[in-house]
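Peer 1: Provided below are the primary sequence and the corresponding predicted coordinates.
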Amino acid sequence: QQQQQQQQQNEEYFVMEMGVMEMASLDLMPHSIQLFLDQVSLQLWDRTVFWHQEGHGVDHVVSAAAVMYTTGEPRQHHFDALGAAKLSFVEYDHHNNLPHEQYTVGYANKGPEFYINTRNNTLLHGGFLPHLQPKPDPCFAKIIEGFDVIDRMYERSIQQSKQTAQRRVW
């Protein structure tokens, strides 16, 4: 049974690799896009953990954490060592061309963690509710293929454990 569960997790990981993201225009978010592409190129997000956190206005996202999936090893030092740890400054499209709609991707503050919106979060992450989040998060991409994977990750996180505030999903 344990071997079957491991095989299922491996299959789910493979499916996650099949998702496709479309980046925002370089004219709107050059720094955010460059950092994310550098992180991907340096393989910093390979075999990472995706998690769901309840409360604090973030229960509507699936987040990527700088943690190795297979071992639970923190990976922040890898990001730091390669100069890809965070944005130097937070970019945001103040004309709202990049709202935090469902299946869009944004950095949590300056990164390196990013998240995928599982619903329209423009009010929460766009800086429109300063008492919850005084500064907007950069929204730099959208998922164009693999919605079912994101939905499964989110549903799995909800079902996994109702006892903890932070849940490992992937």
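Peer 2: Right, received. Where do you want to start?
Peer 1: So in terms of bridging, what pairs with the residue positioned nearest the centre of the chain?
Peer 2: Closest residue to the average C-alpha location of the chain: residue 115 at 2.3 Å, with Cα atoms, centre = their mean. Per DSSP bridges, the residues bridged to residue 115 are residue 63, residue 106.
Peer 1: Quick check: it vs residue 81, distance?
Peer 2: Separation of residue 115 from residue 81 (Cβ to Cβ, to the nearest Å) stands at 24 Å. (Glycine included, C-beta is placed from N, CA and C.)
Peer 1: swap in residue 62?
Peer 2: The spacing between residue 62 and residue 81, counted by Cβ to Cβ, is 26 Å.
Peer 1: what's the answer for residue 63, then?
Peer 2: Using Cβ to Cβ, one obtains 22 Å as the distance from residue 63 to residue 81.
Peer 1: So for these two, which residue has more residues nearby?
Peer 2: Of the pair residue 63 and residue 81, residue 63 is the one with more neighbours under other Cβ atoms under 10 Å, namely 19 against 10.
Peer 1: Run through the helices of the protein in chain order.
Peer 2: Secondary structure of the chain, counting by DSSP state H: helices at 2-17, 30-41, 76-81, 122-125, 147-160.
Peer 1: and these, which one is worst for confidence?
Peer 2: Of all those, mean pLDDT reaches its minimum on helix 2-17 (a mean of 49).
Peer 1: quick one: buried residues of stretch 27-38?
Peer 2: Within stretch 27-38, the residues that qualify as buried by neighbour count (16 or more other Cβ atoms under 10 Å) are 28-29, 32-33, 35-36.
Peer 1: hmm, who's touching it?
Peer 2: For stretch 27-38, contacts defined as Cβ atoms under 8 Å, 6 or more residues apart in numbering pick out 23-24, 26, 84, 86-89, 91, 93, 97-98, 107, 111-112, 114, 138-141.
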